[in-house]
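Colleague: Structural data only, the sequence is not supplied:
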């Protein structure tokens with residue numbers, strides 16, 4: 001048995017169509033994908049943000065605490081972030097983005113492929129000031145973090161005195177040799193320089 005279907009809106013991405021696919025697979029029904037409009041990809045290619053890599057989040061939780069927790073989780077993601085959002089939740093979501101991710105460049109893509117299609121490109125704070133009457137379904141695209149979580153941690157550890165830097169790795173159970181090697185790598189200096197520093201202590 002062959003099942004052909006094409007979702008009118010999101011084509012099974014972050015959509016109940018996912019359940020249809022699962023059910024079809026469980027019942028040994030062959031599924032054939034039919035190319036069609038995909039909101040997140042269409043929004044990305046005209047966004048002006050990086051298309052090299054992206055992270056699709058889908059819909060954030062309607063519960064504010066959970067929404068903020070998810071944004072904290074992706075705060076240092078360097079890829080372009082893509083969310084879906086309903087019009088009545090858009091302003092609250094943008095406020096959470098501003099609070100947690102900062103005043104980044106974003107793009108609001110509204111009613112893609114439809115008669116009222118619109119793309120709004122600006123920083124989060126400026127868009128919050130501009131948006132008034134909100135209608136239609138939105139794709140929110142957010143520029144990735146300029147620094148990864150690893151970069152942030154490395155910057156912080158490199159600001160420590162060498163002794164504290166040493167203690168950090170010592171607490172992790174590394175040998176003296178491995179600690180000196182890791183500190184040299186962190187600080188982009190020769191191992192001999194770090195070794196001589198501790199040798200003279």
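Modeller: Arrived safely. These figures come from a predicted structure and were not determined experimentally.
Colleague: Please enumerate the strands of the protein.
Modeller: Using DSSP state E, the strands assigned to the chain run over residues 2-4, 30-32, 54-59, 80-85, 105-110, 118-123, 138-142.
Colleague: what does stretch 94-113 contact?
Modeller: Contacts of stretch 94-113 with the rest of the structure, by CB atoms under 8 Å, 6 or more residues apart in numbering, involve 37, 39, 42-43, 46-49, 64, 67-68, 71-72, 75, 90, 116-125, 127-128, 131, 135-143, 145. For the C-beta atoms, the positions are set from N, CA and C on the backbone; glycine is no exception.
Colleague: Any chance of TSV for the strands of the chain, columns mean neighbour count, mean pLDDT and distance to residue 180?
Modeller: Below are these laid out as TSV (neighbours: other CB atoms under 10 Å; pLDDT from 0 to 100; distance: least, CB to CB, whole Å):
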stretch	mean neighbour count	mean pLDDT	distance to residue 180
strand 2-4	10	46	62
strand 30-32	10	75	56
strand 54-59	16	94	36
strand 80-85	22	96	38
strand 105-110	22	95	41
strand 118-123	14	94	44
strand 138-142	24	96	40
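Colleague: Dump these into CSV; add distance to residue 162 as well.
Modeller: Formatted as CSV, the strands of the chain follow (distance: least, CB to CB, whole Å):
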stretch, distance to residue 162
strand 2-4, 64
strand 30-32, 59
strand 54-59, 36
strand 80-85, 37
strand 105-110, 38
strand 118-123, 39
strand 138-142, 38
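Colleague: if you average pLDDT over stretch 150-166, what comes out?
Modeller: Averaging pLDDT along stretch 150-166 gives 72.
Colleague: residue ranges with poor pLDDT in this structure?
Modeller: 1-16, 34-36, 154, 156, 158, 195, 199-201 (pLDDT under 70).
Colleague: Let me know how buried residue 184 is, in neighbour terms.
Modeller: Residue 184: 16 surrounding residues under other CB atoms under 10 Å.
Colleague: For it, give me its contacts.
Modeller: Contact criterion CB under 8 Å, 6+ apart gives 190, 191, 193, 194 as the residues in contact with residue 184.
Colleague: and these, which of them are in helices?
Modeller: When these are checked against helices (DSSP state H), the matches are 191, 193, 194.
Colleague: just the buried members of the residues you listed?
Modeller: Burial by neighbour count, judged by 16 or more other CB atoms under 10 Å, picks out residue 194 from the ones in helices among the contacts of residue 184.
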